[in-house]
Structure formats: C-alpha cells, structure tokens
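Student: Requesting a structural model of the entry that follows:
(chains A, B, C, D and E)
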Amino acid sequence: MKVGIADTTFSRFDYFPVVTEVLLESKPGVSWVRYTVPGIKDLPVACKRLFAAGCEIVIACGMVGGADIDIQCAHEASLGIQAVQLSEGKHILEVFVHMREARSEKALAAICRDRASKHARNALMLLFDQEGMQKRAGTGRRQGKADKGPLKAD
Amino acid sequence: MKVGIADTTFSRFDYFPVVTEVLLESKPGVSWVRYTVPGIKDLPVACKRLFAAGCEIVIACGMVGGADIDIQCAHEASLGIQAVQLSEGKHILEVFVHMREARSEKALAAICRDRASKHARNALMLLFDQEGMQKRAGTGRRQGKADKGPLKAD
Amino acid sequence: MKVGIADTTFSRFDYFPVVTEVLLESKPGVSWVRYTVPGIKDLPVACKRLFAAGCEIVIACGMVGGADIDIQCAHEASLGIQAVQLSEGKHILEVFVHMREARSEKALAAICRDRASKHARNALMLLFDQEGMQKRAGTGRRQGKADKGPLKAD
Amino acid sequence: MKVGIADTTFSRFDYFPVVTEVLLESKPGVSWVRYTVPGIKDLPVACKRLFAAGCEIVIACGMVGGADIDIQCAHEASLGIQAVQLSEGKHILEVFVHMREARSEKALAAICRDRASKHARNALMLLFDQEGMQKRAGTGRRQGKADKGPLKAD
Amino acid sequence: MKVGIADTTFSRFDYFPVVTEVLLESKPGVSWVRYTVPGIKDLPVACKRLFAAGCEIVIACGMVGGADIDIQCAHEASLGIQAVQLSEGKHILEVFVHMREARSEKALAAICRDRASKHARNALMLLFDQEGMQKRAGTGRRQGKADKGPLKAD
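Tutor: Have a look, this model is predicted:
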C-alpha cells in the first residue's frame, strides 16, 4: 500500500519529514512515493502521476501566498485536485497553509506541522479505518488548529 | 434501493441519525451506506465511491466554516459534486450548513436538523414520487428554515 | 420532438404553465417532459436525465435567493448546465430569476412570466427557425424585461 | 476551409457583417457557417455544433451586460468555450464586448467593430500564418482599442 | 526531448528569447516548438496542440492586463491549462505576469525575464532532475522576485 506525497519548492515549510514520521509511527508497513513540483498549481498533475505510479491516496502539501491572486491560484489548484480525485476515484488530502493564517513565521510553521501530521493520520484512517472515521463524524475536528468539538445545542 | 450518506469529521453536527430516522420512518424498505471523510472537499469522491457501491442517490452532509476561504472550499466541493452527479446521471442532495447562518450553536444545530430531515425526504421523493415533487414546484420550499410559499402576485 | 422542462420546489413562481402555454400556442405538435427537483443545483442532472429521456432541448427554470451564497449556487448550477450542454451537444435555456431583480413580489412574478415565455419561444426558434434567429442577431433582445434594441451608433 | 461565426440576439451590435467583410477581403477562398443563439451562455454549445459542421475555427461574438451577474455569465460562457476548445483541439476566438467598456453607444459600437475585425484577422493568422503570428509575439496587440506596443525597458 | 513554448501577441514582453537561452545553456540537447496565439485564453488549446506535436512539457507565457476582467480571463486560462495538464498527464508551467505587479515598464520587464528564466529551469528539472527538485522542497523559491527561503521557526 503506497501513499503519494506531493510538495512544492514554493512552500516555506518542508512537510515531507512530518508526514513520513506519522506514516512510519502509525503504520509501519506503509511505503510512499514523493514528487516535488514548483508551486501549488503544479500539484494536480503531480497527484495524477503519483496515482499512475500505484499510490492509493495522495497527500498534497502546499503553501499559499498572501496576495489575492494567490487565493485564486489555490482555487485553481483545488479544482484540479477535485478533477484528479474524481477521475481516479481516490482521495487526495490537501495540506494547504495560507500565509494569511498567522502573523509570525513560528506560528505559521506550527500550523503547517499540525495540519500535515493530522492529515497524514486522516490518510491512514481513510485507507484502513472507515469505522474509526465514522466515530469521529460530526465532532468538529480541525487540522492546523485545535478541534472545535460538536455543537452545544442544549 | 440503497441511499448513500456521506459526512465529515469537520462538521460540528452529526447529521447521520437525523437522516436515517427519516429514511426509516418514511420508507422502511430503504437501506443505506455511510461514508465519512475529513472535510467537505473530500465529499465528492466519497459520493463517487458510494455510487460505485450501488447507491441510487447520495445525501452529502457537511459544515462550512465562517471564513471567506471556507466559502471557497464549499464552492470547490459543490463543483466536484456537480461533476459526480453528471458522470453518474444521479442526484446528490447537499446538506451544507454554513457557520455564518446562525449566531448561537443551538440555532445552528436546529438548521442542521431541519435541512437534513427535509433533504432526506427530498431524496425519497426524487427516488419514488416525481408526481409529488411536481405538485410542490414553484411553492417556495426551504430546507433549514421555514418555507416561503409562492409569490403573492395579485 | 420533445422539449424538456426542469423546475424546482425552491422557486416561488410556477414557470411550467407559462412555458407550456407558449409551446401549445406556437407549435401545437410539440410535446414535453417535466422533471421537478428541490433546487437549482439539482437542475443540471435533471437536464441530463431529460436528454436521456429523448428531449431535444431543455428549459431549466429556477429562482435564485437574495444572499451572496445564492449567487454562488446559481454559478455552480450554471456551470453544471454548461457541462450537460457540451456533453449532449444540445441547448439548455436557463430561466433563472434572481430575488434581487425586483423589490415587490408582483414585479418579480412579472419578470418570471416574461422570461419564461420568451425563452420558450427561443427554444422553439433554436429547434425550428435558425433563419429567424439570425434575423434577430445584434438587436438587443432581453428576457424578463423590455428589449434594448441595437446600439445607436450614428 | 470553413470558419464558424456564432453570435447572439442579446447583443446590441451585429458583428456578422464586420467579420465576414474581413474574411472576404483577406482570404477570398474562405467560407463560413453562422449560428445565432439567444445569449452568451448559449455560445459554447453553438461553437460545438459549428465544429461538428466542419468548421476549423470559430469566432464567438457576444455582448456582456453591465451588472455584476452579467460578468458571472460571461465567466460561465468563457469556461464553456474553454471546454469546447480543449475537446476539439481547435481555437475559438472570443469577441466579447462589455457594456462597461464605454459610456456612449457610439464608443461601444466602435469597440465592437474594432475587436471583431481584428479577431477575424487573428482567426485567419491562426489558420494560415503561424509565422506571422510569431513575429507579433510580445508586441502588446489589443483588440477593441489601440495596440500598446512592447514594454519600454531601457 | 521537446519543450513546447506557447506565447501571445497581447503580451508586451517577448518571453521566447529568454526561455530558449536558458534551454540552450542548461541542456544543449533539448529542442523546442513554439506556438503563438492572440491572448492568454488561447493558450490552453495551444498547449494541447504542442503536446499533440510531441512536446513533453510546455511553458505557457502570457501577460495579464490590469483590470478586474483581466484577472478573470487569467483565471479562465489557468483552469483551461489545468484541464490540459490532467488530460495529458504532463506539466505546463505558467509564466504569467500581471500588469499590476509593478508600476514601471522597466520593473515589469525585469519580472518577466526573471520568471521566464526560472521557470525554464524548473521545466528542465521536472524533466530531468526530480532529485534536485526534492532538495528544494519547502525552501520558499519564487519566480519573478527573490526567493523567500524557509520559515524561521526557532
């Protein structure tokens, strides 16, 4: 069972060691293939190639600049990623962090680390533990920040 | 006749019991398949897999965060859901609730419950009662809030 | 020659009698198939099914709510409708009326009626009278309001 | 070698005589097929049908209203036109004029005429003169207004 | 191994000599095919044709005007470029420069030159040096301006 990991040279954070550490710890038998591209708009075809190389799921890691045009680029990348998922019938988990999400570089790196490690776990749950996933449905899970929990409706 | 139910761990409301209660009450013979994913952008491929598992219709349940970027994510998810519907020729009913729709958690949960139960009924009408659906055409039905009724044009 | 008519229970105006009245008056031999769905985002797959049922053209009737998110929903519906048209190579005429187009319910109903009846005529012209259509090219025709006429450039 | 010309009854300018005059003058052997539809969102499938009728390139002429929703319609039309081009592997040149581009009807008509005639010439260059096209690369050509010329970087 | 170079007559900068200079210097054996079109919305089908002509990767060079509608055009072009990449399973590197990115023509030309040359190198790395690409992952590379470097998180 191979996991694809796509990442970019644009990103200011190296997600790869975070993702692989989770994979190694949580599911020792899993292997991976890495594919690095310049920026987020190059990720969809990278994912497509990782599926062609036999991956069952892909974790697509990118960083989104702080300008309005960068938000549009992320939108284009995400639509491409939707198209790849639907043509393959397989999941791609987006680990996209926006420069706008934090002011300090330190806080931004913490978001990157948290989002990448949680989505690495999500990838494994999607592959191996749908039952565990269903137990978490509706519980307000977040990646990159603390969980919100279920709505307090009483 | 199987109904697919896709939902997320991001959501702070568990739509599943609401949907299945309506299905059980309204159409005892109907069965369902559930598939839980991390967030709304993972729903389109989840729907695709539910159709592959033999579902005739899917109810896609998600919650949309309150930031602008969340609205864009919902847009991407909805476009993916459009693509799945068209490739399958089958309906997917979106039960998406936006955090922006209400201020209190209690009010939000009420919207979730109302939208999920009404769309569960809509799913059954689409499958079994096109005549009943046509009688409702142009009558201003709403899910998640009270019906508006037809325009008063006189 | 069958015309498809897709409409919604969300709409506060019942377009169906307006459309069929025009069809009956203008082209007695034409028949139609109706398909009603909950909302505008359900229209694209409804159109797809109407083509599968042998329709040569579809008139897709919907109403768009007044909030920003409703505009986005209309956009998603329209992109789905584009996709269906291109996969079928056949026209779908959108009779979409936005709640924002008028303040009073009476004025809104008048727009609905005008747009539906003119697009029903357009559907017939697309099917049977390309020559008549070409005579109207560049003449500023409007549906839902008065025609604008050609630019006064002299 | 056939050129397709798609246009609309919504437009307040009749592009057809402008386009055909250029075709006749510049390339006497070229023939054309015209297809008129109600509005810009009907143009993509019109283009598809023109390719099915044997056209090698299509000039899609439309006018875009001045409201925000009209900009969205133009966006949907353009995305449909992208899809047709890619499925056919052939060019569609968009002659879209926005009502917002000029205040007076006379100025608007001048833009329409200029854009249509220049894109008619572009269509012929794409078909017959890639070498000439390459000579113009990077020279700041505009349709609908005066050329800008290359950047002054010294 | 052929590299496709698509460019436009709309652009006010001629990217072609910059790109080919890098290709010649860095990888003498590489050849290229050029295809020039009027504007950025014509680039996706140009890329498609370059792949049909045997190119393994395409560098798509365009300039984006300064008005809001131009941003929308770039978005449409980028979505088309996504679609081509996914249907071919091959990369297209976008060298798009926005008029808004700089005030002076000289500064704009410098951005064009920098972005084009760096993406020409990226194209070669994607073709021949995935290992080198992976070494750069997460290092904050930029095209058109100075690199940002990795986040300082300590």
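Student: so A:Ala46 touches A:Ala6, yeah?
Tutor: Yes - with contacts defined as CB atoms under 8 Å, A:Ala46 counts as touching A:Ala6 at a distance of 4.2 Å. C-beta here means a position set from N, CA and C on the backbone, and glycine is covered the same way.
Student: can you list residues touching both of these two?
Tutor: Shared between the contact lists of A:Ala46 and A:Ala6 (criterion: CB atoms under 8 Å, 6 or more residues apart in numbering or on different chains) are residues A:35-37, A:60.
Student: any idea how far A:Asn122 is from whichever residue of chain A sits closest to chain E?
Tutor: The nearest approach of chain A to chain E comes at A:Asp14, 3.0 Å away (CB to the nearest CB). Per CB to CB, to the nearest Å, A:Asp14 is found 20 Å from A:Asn122.
Student: Compare these two and say which is more crowded by neighbours.
Tutor: A:Asn122 (25 against 20; other CB atoms under 10 Å in any protein chain shown).
Student: check contacts around A:Phe51.
Tutor: A:4, A:58, A:84, A:88, A:90.
Student: any idea how far A:Cys47 is from the fourth one?
Tutor: Put plainly, it is A:Glu88. Taking CB to CB, one finds A:Glu88 at 8 Å from A:Cys47.
Student: Contact residues of chain A facing chain C?
Tutor: For chain A, no residue is in contact with chain C (CB under 8 Å from any CB of the partner chain).
Student: Pass me the low-pLDDT residue ranges in chain A, would you?
Tutor: For chain A, the stretches with pLDDT under 70 are A:154.
Student: So which of the shared contacts of A:Ala46 and A:Ala6 belong to strands?
Tutor: A:35-37, A:60 (DSSP state E).
Student: Farthest-apart pair in these, please.
Tutor: A:Thr36 and A:Ala60 (11.6 Å; CB to CB).
Student: Grab the nearest non-local neighbour of the residue in chain A that chain D sits nearest to.
Tutor: Among the residues of chain A, A:Leu79 lies closest to chain D, at 10.6 Å counting by CB to the nearest CB. Closest residue to A:Leu79 apart from its sequence neighbours, by CB to CB, 6 or more residues apart in numbering or on different chains: B:Glu76 at 5.9 Å.
Student: same question, A:Gly138
Tutor: B:Asp14 (3.0 Å).
Student: Can you tell me how far A:His91 is from C:Gln85?
Tutor: Distance, A:His91 to C:Gln85, using CB to CB: 30 Å.
Student: who has more neighbours, the two?
Tutor: C:Gln85 (27 against 21).
Student: Wondering if the lengthiest helix in chain A reaches chain E at all.
Tutor: As assigned by DSSP state H, the longest helix anywhere in chain A is helix A:105-128. Yes - counting by CB under 8 Å from any CB, contacts between helix A:105-128 and chain E involve A:105-106, A:108-110, A:112.
Student: counting contacts, what elements does that helix pack onto?
Tutor: helix A:16-26, strand A:55-64, strand A:92-98, helix A:130-136 (3 or more CB pairs under 8 Å, 6 or more residues apart in numbering or on different chains; DSSP states H and E).
Student: Can you tell me what sits against stretch A:98-112?
Tutor: A:12-13, A:15, A:18, A:63-66, A:70-71, A:74, A:95, A:97, A:144-145, B:69, E:151-154.
Student: let me redo that: stretch A:62-77
Tutor: Here stretch A:62-77 has contacts from A:7-8, A:10-13, A:39-41, A:43-44, A:94-100, A:112, B:69, B:72, B:75-76, E:71, E:74-75, E:78-79, E:82, E:98, using CB under 8 Å, 6+ apart.
Student: closest point of chain A to chain C, which residue?
Tutor: Using CB to the nearest CB, the single residue of chain A nearest to chain C is A:Leu79, 10.6 Å away.
Student: How about the contacts made by that residue?
Tutor: Taking CB under 8 Å, 6+ apart, one finds B:76, B:79, E:79, E:82 in contact with A:Leu79.
Student: how about those in TSV, adding distance to D:Ala137 and secondary structure?
Tutor: Formatted as TSV, the contacts of A:Leu79 follow (distance: CB to CB, whole Å; DSSP: H, G, I helix; E, B strand; the rest coil):
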residue	distance to D:Ala137	secondary structure
B:Glu76	34	helix
B:Leu79	34	helix
E:Leu79	23	helix
E:Gln82	24	helix
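Student: Show me which of those is closest to E:Glu25.
Tutor: E:Gln82 (30.0 Å).
Student: Next, count neighbours for that closest one.
Tutor: E:Gln82 has 23 neighbouring residues, counting by other CB under 10 Å.
Student: quick one: which helix or strand includes the nearest residue to it once chain neighbours are set aside?
Tutor: Spatial nearest neighbour of E:Gln82, excluding adjacent residues (CB to CB, 6+ apart): A:Gly80 at 4.1 Å. In this structure, A:Gly80 sits in helix A:68-88 according to DSSP states H and E.
Student: Would you mark the buried spots in that helix?
Tutor: A:69-88 (16 or more other CB atoms under 10 Å in any protein chain shown).
Student: So what's the gap between that helix and the chain middle?
Tutor: For helix A:68-88, the distance from its own C-alpha centre to the chain's C-alpha centre is 13 Å (CA atoms, centre = their mean, to the nearest Å).
Student: Please pick the buried ones from the contacts of stretch A:98-112.
Tutor: A:12-13, A:15, A:18, A:63-65, A:70-71, A:74, A:95, A:97, A:144, B:69, E:151.
Student: Out of those, name the two that are farthest from one another.
Tutor: A:Val18 and A:Ile71 (24.2 Å).
Student: Compute the distance between the closest residue to A:Ser31 other than its chain neighbours and A:Thr20, please.
Tutor: Using CB to CB, 6+ apart and skipping the chain neighbours, the partner closest in space to A:Ser31 is A:Lys2 (5.2 Å). A:Lys2 sits 13 Å away from A:Thr20, going by CB to CB.
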